[in-house]
Structures are given as C-alpha cells and as structure tokens.
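> Sequence isn't available, so here's the structure alone:
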Ligand SMILES: [Fe+3]
Ligand SMILES: [Mg+2]
Ligand SMILES: [Zn+2]
Ligand SMILES: [Zn+2]
C-alpha cells in the first residue's frame, strides 16, 4: 500500500474568470472521473476552487484537459496551482459553495442552446413548448442575478421552488442541468400570460396562437423577454410598422427584426459567413447586414439604408413565437419611448407602453438587471460592436494596469459607465442619453447594482473635459460627496484609449474621427491625429476647423454644415439647400462666422450625406452619415478624392471642404451620387493614410489606432484599414468596445489606470 | 445737432474741468431734473429700513435695439433686481464710462431714455459720474447703476423659502430681449423681435401685497435665461423643479428666430420678466392677478416644485412627453449679451 500511495500526489487549483454558471463544476467532476482522480470542487468567492489527487501522469493530463476542454461558455482568466500534502478523500465530490467577499463575475446571458431547443420542440419532452427552458449551457444570467456568488437563492428564480424532477436534475452531476441556477419546467417555473392595453388579462388556452393571430391583423405587442420588453409587430406589414413608429415617436431610426433561423435571415439579407456566425452565436446580437433587393420586408423597417438589423431568437419564448409565426420576420425593437430607458417591470411597462402596444405578453420571472440587445456589424470578418449590452455585459475587459477603484462616467449621449476592479474594467450595458431624467435614474440604479454585485470600493472618478455633460456634473458631485479623486480626460484621447485597451502603454499614432467633443483648447473637435503615449497625447494634425453654424443645431440639421463647407469656395446653392426657406438660409449664412469652430469629421459625412441624398435633417443621430454610407455601398470609388494636407504652425491640417468641392464638381459633371459617395469614402481614407504614413516616418511609430463614431461605418473602416496597410502601418481599431461614445467610459477607465501608474513612477 | 468736435465725446470731457461741467450741465442735469449744484454725494433724508441695495453694470451691443436702449435697460435692470427681493425701487446712481469719440447725440438719447424710464417708475436718479477712456478702450458706452429700495415686507421672498409642492409662474413670454439684441447686433433679417425690457415692480408690488408670505421666491431670468434662473432656484432651495414645456410662453417670432439660429429660447435673456414661486394654494389667484395687470397679460403657470431625489435638478416635460433635464451651462451658448 505504501508503495502506491507514495505515487499519489495532490494539487489544489483556484480558477478565476467566467467559471460559474457555465457548467464548470460538472465538467471538472467528469474529468476527474475519466482520469480516476479523487478530490472535490466547489464555488467560492474567488472563483472555482478544486483539489485533485492522483498519479503525476493523471494530474498533468488533468491540467492539460482543464484548459483544452473548457466548457463552451467558460473563460479562464487566472489559474493558481499549488501542491497538497494531505491525503486524498474518498472519491470525487462537488461540495457546498464557500461564502465570502466576492471576487467572481456574473456571467452574461446566453442564447438558448441546441439541446434545450430540441426539448421545447419535442412533443414527448416534459419541457415541450415551455418558454423558460434553460441549462448550464444557456439561459439567463446577468439579468437574473441579484448577488454573487451565483446561486439560485441570489437570483430572481429564488421564489420558484423546484419540483422534484427539476431538483433531481439540479443535483445530478451527470445532468446538463446540474446546478443550472435558473432551472425550471412547466410544473414549477415561471409562466407567461396576456393582457390588453388596460392590463386586463386575456384568458386564452394557447397564448402564442393569440399573439400570432393578432400580429397578423396588424396589432402591436409589448413582449417581456430576457432583459426587458420588446415592441413587436409584423415586419412585412407596412401599416403596422408605421403605426409602431408613430406611437413610439421614432420616425426613421432603423428597427431590428427577428427571424426564425438563418434560412429566414438569408431571405432578408445577403449574409457573409462571419455574419451568420455572429447571428447564431451564444451572444446573439443584432447583426447589421446588407439588405437583399428587392427587400422583402416593409420599407419603413430601415428607410434609406442598405443595412438591416437582424437577430435570431435567443430565448425559448422567442423560438416558440417565431416558429408559430407564418411570416418572414417580426419587428423586435426595444420596449421604450424614444429618450426613455428600456422597460423591464410588468407594471412599468403597462403604464409607460400602454399608449404604444395594443397587447402585452408578460411573465413572472422578475428581471433584476435590464439590458438591451447588443448591436454588431462586421468589417470583413472582423466584428465591430456598436452597442455593447446583452450577451457581453458584465464580461470584464482588461486594463493595461491595476487601477485603484475607479468609476468612469462616460459621455452625455449613448452613455455607459465603467467601474474597475484591479486590472479589470466592468462596463455597464448601454444606457442612453443622460439628459433624459428616466435614463439618468437608470444610470444610478445600474451603478448601485454594479457596486453591490461586484463589491467595488471607489477611490477615483473620471469624466470628460466637457463641463456641460451631465455625466461631468455627476462625477464632480460624487467626487466631492465621497471625497474621491477626480480625473478629466479629453474626449478623443478616451476614444483612442478605448481601442488600444490593455496595450495602451505602448505609444501609437491615433486617428480619431468623431462627431463632437470638447478639445483641450476649447475647440469642438472630432477629426484628430494624435501621438498617444499612455495617458498623454500630442496633436499632430486635424481636419481644418470650419464653422459649426448654430452649434447643436448643425448636428440635427446637416444642411447647416453643408452651407459651412460650401462657404469656403462657392456662393452657389446646390439642390438640397433650395429646400430651406430663403430667410432661414440667409440668417444661417450671416451667422456662419459667429458660430463655434469644429474639426468634427462626423459633420463632414453628414454634410455630404445631405448633398448626395437630398435630405436636410437627421431624424436620429447620424442619419445622413448612414445614408451616405448606403450610397457609397452602391458605388465603386474609381477616382478617389485626393486632398493634400496643409502644414500649419500647429500641425498638419486636412482642408475638409475640398472633399465637398470635389463632390459638387462630380455631381455637376453627372457622376451618380452613389459613385460620388464611394469616391469620398475612399478618398478621405487615402488622404488621411498618406498623412499618417508621413507622421509614421517622422515618429518611427507604425501602430495607428482608429476610433470615434465615424468608424461605425464599416465601409469607411475597411477603406482606412486597407489604405494604412498599403503604407505598411499596423492599424488597431475598436472591436469589442464600440468606436462610438458607447465605448468612451472604457477609454476613460484605461486612462485612469495609466495615469495612476504614471503618477507612481514619477 | 452741432457738428464736428462739439458732436462727440472728447478726452477733456472726463478731465473734471470746464468741459466736464459743461457736459454735465448740457446732457445730464436737465434730463435728470437735478440742480447744477455739485455735491460729492446725494443726501437722502428720512429713509426708513429695511433697505435693499444693488448694483449692475451694462455692456450691450448695440446700444440701441428694438424695444429699448442701454439707458432704459440700466434703469430696468437695477430696479428689477431690487424688485426681486421685494423692495420698492427708490433711488438710483449712474456711472457713465464713455469712449472718446462717442456721439453726443447718442449720449443725449441714452440719458433721456434713462430719465424717462426712471420717471415712469417713480425712481430718482440722484447721483452720477462720468469718465472718458481713450478711443479703442471701450465700446462707446458702458453704464453702471446702483439702486436703493425699501423692502415692502419682511421676510423678503427668498429661494430658501421654496417648498416641494409650490408652483412656478412666469410673468410673460421669455427670450425676447436676448434674441432681439442678438438680431440687431448681427443685422439678421428676423421680423417681429423686440426687447421685453421693462420694469417689473408694477407687477411685483400687487403680488407681494396680495400673496404676502405665500410668495416664496422671485428671480428675474436675465443672463442665461429662464433655464438658468430656474436651475439657480432649484440649487438654492435643494429641490427638483418640474417645468411643462408646453406651458412656457414663447412668442412665435422668438421661437422661430431661435430655431433658425439653433438657439434654445429657454436660455435667452429677458429684461422685463420674472419668475415667482408661490404656495400651491395661491397659484391660481396669483396667475389671475398678474394677468389682470398691464404687462402681465402673458403670465403663465409653468411648473411645480418637487422633492429632489439625489440632487437639485430642473426637468422639462417635453411636448412629446419626455422628461429632459435642463442643464446649467457653464459658458454662454451665445456671445455676451446683457
Ligand atoms: Fe465621441
Ligand atoms: Mg441684473
Ligand atoms: Zn440549454
Ligand atoms: Zn420543475
């Protein structure tokens, strides 16, 4: 006996990352059984803790498999191992969770897995047709978790007592539902019911059949899903879609549509393999893809755009609804009025959406943390997240350095915040425009939730330089009230840092093309070339400043910007400007010189969007820039506009108005708007790349970081990447962090982590 | 009018010598009905307290604009500041900083306009001073006025007396002055704009008398406009003030002009309006009273005071039903207007 036991060694592991709520413990148990190891595994405050005893050979096989065979949803961030001298226990066991101050993470929500889908579609299964089916591989996570470590009593499932069958699954390490915290079935789990707009219950035997019938008749539904409500209507019914737009007060902004499966998605959009991959990923975001022509859905789903936002069902409820739906697609847009946050409580939805929806589909599983659908598009095969929410939050992001507890409050529009824990950044889901009172409240609720969930003591707050952002005011207020250090970071530096992320310590050139942000020099900036070196930057160039007539009004009404660019070279009034009343045009022209100046690139895209689409105003942020891209997508870009930089005292300046002059000249010569748009896209990318290559030679830096709202435009991003690569430069761009203001808070957090480091060094 | 050197302000006019005396005699004394005896200070007899004392400087371009000029503005501005603490305006001083070369004719017009505005209000301009700065060192004319008034009642209206539940009234349409001055300065072809520059005491006095302690606070929305003023009130009282966009009176010409310029009328200055915060139970009565008075016809009930959740805020219920936070702006969204 002594001989054998001397060969037996013990090892203890602590694993951190996304290791809870992903079937990690049963995976370990199965592995131990396979390799004939003894020991135990448990969830603890620091992550998964486990101890195994076996032969050295079995132990090293265990270590290797632990990493190579990780369950699909698990992510390992840290692994600590040490030897054990004590003797092994009998067998292998999954033991009780150890409590303590939490260092674990709440996993993001996961789209329904294939196994669960088969069950709900199988008439012989006890979960046939059950809308809340889930397992350790899929289901609600972030949206139901009240506290960590992740355990059923700390989720909104705690009020549902598991029936004996569910409990047996939950306790059986061989079951797919072993410790599936939201485990449920028709006997013991949450239920759906229907209401009319007054909240009166509609008694029907088959609720989904009723939903489908009324949707076919053109009704609007508010449907409670995973992270909140959706507003739903028939995506092929023009009248229904228009009614939804009218009631939601959202005249033009594109609406997402949900389809049953990839086959249906392919009928609506021309999908690339990468787009199909993302559509069917566990994150299940809305993917923006190229519309098929003729477009088989109502034109007002995404008017004037070449893209349509598609998503696949990501809960059993969605699967069941879409399978019962005889049409091609359903509009699934977030359940809120414009400028309001997503509704997620039954009563709240009934009161706030009663003017929008004719009917409500409700359920009794409370949503703890509301979260919108994420939005993603592809640039070639590379994903660019435009809105980071469901499926991605609260997955931590890495920081270049450990930061003291930091709150980064983000900008005013498309707000998110980020809080840090050591060298990790936890970004909030997309929240919205902070100047809306209910969204400000949602900001505060979410922040309270995050701080409680992740146990985050704060030492500092970081905000934008803009004194009139409400987020800046909140930061100042909190810093003062809680005695925290206050850091301010220039908007476009934060954008650049958001794309550099954990590699932000290495110097790089940065091209930030954005709408508007306050420059450190008081100018409204947004078309900048910097040398970024950790938390400091130096401006090497920019677009040349132009008047921003009417300030904010120029953002809402791009015709004002078109007028500003035209004023550099012509008195002529091209077509779209003739739609503007003469008096208005005259006044706008007179005050051109009075307004603030801007270098914002977003304004250039919008002005050209105005010139080429003939539309004069934005119904939603950046509409005419999106229209411009839609035009460019149909063009070739044969003779791109080459604009030469001017060397000014303060650096290189690219005279943006020259692009407008070129565009106007081509239009006059009869070049179609699509081709003009394409020439502009390629021309701007190439002109900037040339400037950057010269700066690269001067500085010796080859890495170029791209960020800012203009890079939501995948066509332009692609042109820029290829132009830079031709010069042998290495572009870095936003992928998992939105390039728009939705990613700004992460950039601010990166800044905070670096600026502390620099303070310590000096 | 005299031509040549006689027609403009000279550096000598500020010397304190004969030229100064002549300027005072010919331009000021007659208009202000003061005797030419030159004392170093005005003697004010039989003043009963409590008194209110204020000062304001006026820098406006252009000096003459539709609906007023820097002279009437300097009287209204200071008199209105007195009215805002519930004080009846009694005496005014005036300080003129003249730029060499400024037209004497324009100076006479300004002085006469001041005198007229003072007379209409029953306020006495009792002392003054003029200085001349060299050409290029001033924009023609700067004016300063200080005012002395008597509190009509005690306690005076004060933002600290604002309570949740109170109602917010405005005495008339907002934004007229700011936009009229801007349009005049830039020579913009906008029609129907006219400054609202006017004394508010004739409206404030009856309100004070009738409402008594139920009149909690007064403030005139000058620089920064209504939005800024309401923010100050929220801040100083630690409350949330909830405004109804549809109820806020803005003349169509102002709304239209502001829209063209990309300005928000709620941030444009008024010079003859005030905001009153009153007990809810007296709001309807206060509104009726104001509307029945000359100059108060456009008064409106625009909002209410609520308990602040975590911080003082001003929230605007928009026409489409949203709830937008009306921020305090750090800088001017406009060039400087007075
Ligand atoms: Fe930005
Ligand atoms: Mg004043
Ligand atoms: Zn599953
Ligand atoms: Zn069950």
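Happy to help now that I have it. Here the structure is a predicted model, which means the values were calculated and not measured. Ligands and ions are numbered 1, 2, ... in the order given.
> who are the neighbours of the strand of greatest length in chain B, in terms of helices and strands?
For chain B, the longest strand by residue count, based on DSSP state E, is strand B:87-99. If contacts are counted by 3 or more C-beta pairs under 8 Å, 6 or more residues apart in numbering or on different chains; DSSP states H and E, strand B:87-99 sits against helix B:70-83, helix B:104-121, strand B:124-133, strand B:141-151, helix B:201-211. (Glycine included, C-beta is placed from N, CA and C.)
> what stretches of the chain score poorly on pLDDT?
All of this is about chain A. Chain A contains residues with pLDDT under 70 at A:1-6, A:99-104, A:756-762.
> Chain B, not that one
Looking along chain B with the criterion set at pLDDT under 70, you get B:1-6, B:35-39, B:331-338.
> What are the boundaries of the strands in it?
B:51-58, B:64-65, B:68-69, B:87-99, B:124-133, B:141-151, B:167-170, B:215-219, B:239-244, B:275-278, B:300-307, B:313-317, B:323-325.
> now those as TSV including mean neighbour count and distance to ligand 4?
Putting the strands of chain B into TSV (neighbours: other C-beta atoms under 10 Å in any protein chain shown; distance: least, C-beta to the ion, whole Å) gives the following:
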stretch	mean neighbour count	distance to ligand 4
strand B:51-58	17	75
strand B:64-65	18	77
strand B:68-69	24	78
strand B:87-99	22	75
strand B:124-133	18	88
strand B:141-151	21	75
strand B:167-170	24	56
strand B:215-219	24	60
strand B:239-244	22	47
strand B:275-278	26	59
strand B:300-307	19	45
strand B:313-317	22	46
strand B:323-325	18	42
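> Looking at those strands, which is nearest to residue A:388?
Checking the strands of chain B against residue A:388 by C-beta to C-beta gives strand B:323-325 as the closest, at 24.3 Å.
> Out of the strands of chain B, which is closest to residue B:202?
Per C-beta to C-beta, nearest to residue B:202 of these: strand B:87-99, 10.7 Å.
> which neighbours does that closest one have in its sheet, and in what orientation?
Sheet pairing of strand B:87-99 (DSSP bridges) gives strand B:124-133 (parallel), strand B:141-151 (antiparallel).
> contacting residues around the closest residue to ligand 2 within the stretch 651-762 of chain A?
Per C-beta to the ion, residue A:741 is where the stretch 651-762 of chain A lies closest to ligand 2, at 37.8 Å. Neighbouring residues of residue A:741 by C-beta atoms under 8 Å, 6 or more residues apart in numbering or on different chains: A:410-415, A:709.
> and if you look at residue A:339?
A:432-433, A:436, A:439, B:322, B:324.
> Work out the gap between the longest strand of chain B and the centre of the chain.
Between the centre of strand B:87-99 and the centre of its chain there are 13 Å (C-alpha atoms, centre = their mean, to the nearest Å).
> Also stretch A:149-167?
Per C-alpha atoms, centre = their mean, the centroid offset for stretch A:149-167 relative to its chain is 29 Å.
> And the residue nearest the centre of chain A?
Residue closest to the average C-alpha location in chain A (C-alpha atoms, centre = their mean): residue A:388, at 1.4 Å.
> mind checking the backbone torsions on whichever residue of the stretch 201-338 of chain B sits closest to ligand 2?
Taking C-beta to the ion, ligand 2 has its nearest neighbour within the stretch 201-338 of chain B at residue B:222, 5.1 Å off. Backbone torsions for residue B:222, taken as degrees, to the nearest 10, come to phi -90, psi -110.
> Serialize the strands paired with strand B:87-99 to a markdown table and add fields for distance to residue A:192.
Formatted as a markdown table, these follow (distance: least, C-beta to C-beta, whole Å):
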| stretch | distance to residue A:192 |
| --- | --- |
| strand B:124-133 | 78 |
| strand B:141-151 | 66 |
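> Tell me which of those strands sits nearest to residue A:623.
Nearest to residue A:623, of all the strands paired with strand B:87-99, is strand B:141-151, at 46.5 Å by C-beta to C-beta.
> what's the spacing between the closest one and its chain's center?
11 Å.
> That strand near ligand 2 anywhere?
No - when contact is scored as C-beta under 5 Å from the ion, no part of strand B:141-151 falls within range of ligand 2; the minimum is 9.7 Å.
> That strand vs strand B:51-58, what angle?
Orientation check (axes from the mean of the first three to the mean of the last three C-alpha atoms, to 10 degrees): strand B:141-151 against strand B:51-58 gives 160 degrees.
> can you pull out the strands in the stretch 451-600 of chain A?
Using DSSP state E, counting those that start in this stretch, the strands assigned to the stretch 451-600 of chain A run over residues A:460-464, A:485-489, A:508-518, A:524-533, A:536-543, A:546-547, A:597-598.
> Dump those into CSV; add mean neighbour count as well.
Below are the strands of the stretch 451-600 of chain A laid out as CSV (neighbours: other C-beta atoms under 10 Å in any protein chain shown):
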stretch, mean neighbour count
strand A:460-464, 26
strand A:485-489, 18
strand A:508-518, 27
strand A:524-533, 24
strand A:536-543, 21
strand A:546-547, 24
strand A:597-598, 24
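> Would you format those as CSV with distance to ligand 4 included?
Output for the strands of the stretch 451-600 of chain A, formatted as CSV (distance: least, C-beta to the ion, whole Å):
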stretch, distance to ligand 4
strand A:460-464, 46
strand A:485-489, 51
strand A:508-518, 51
strand A:524-533, 55
strand A:536-543, 57
strand A:546-547, 65
strand A:597-598, 60
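> Does anything pack onto the helix or strand encompassing residue A:690? Which helices or strands?
Using DSSP states H and E, residue A:690 sits in helix A:673-699. Helix A:673-699 sits against strand A:508-518, strand A:524-533, strand A:536-543, helix A:601-613, helix A:623-632, strand A:651-654, helix A:657-668, helix A:714-726, with contacts defined as 3+ C-beta pairs under 8 Å, 6+ apart.
> Buried by neighbour count: which residues of that helix qualify?
Buried residues in helix A:673-699, defined by neighbour count with 16 or more other C-beta atoms under 10 Å in any protein chain shown: A:673-693, A:695-696.
> Would you check that residue A:615 makes contact with residue A:607?
No - using C-beta atoms under 8 Å as the test, residue A:615 is too far from residue A:607 to be in contact (11.6 Å).
> quick one: which of the two has more around it?
residue A:607 (30 against 20; other C-beta atoms under 10 Å in any protein chain shown).
> ok, now how distant is the more buried one from residue A:400?
Between residue A:607 and residue A:400 the computed distance is 37 Å (C-beta to C-beta, to the nearest Å).
> What lies in contact with stretch A:258-269?
With C-beta under 8 Å, 6+ apart, stretch A:258-269 has contacts from A:257, A:271, A:275-276, A:279-280, A:289-292, A:295-297, A:308, A:310-313, A:318-319, A:322-323, A:325, A:328-330, A:332.
> Kindly apply the preceding question to stretch B:43-63 instead.
Stretch B:43-63 is touched from outside by B:69-70, B:73-74, B:77-78, B:81-82, B:85-87, B:90-91, B:106, B:110, B:126, B:139-151, B:154, B:156, B:181, B:184-185, B:336-338, with contacts defined as C-beta under 8 Å, 6+ apart.
> That one: how far from the chain's middle?
Offset of stretch B:43-63 from its chain centre (C-alpha atoms, centre = their mean): 12 Å.
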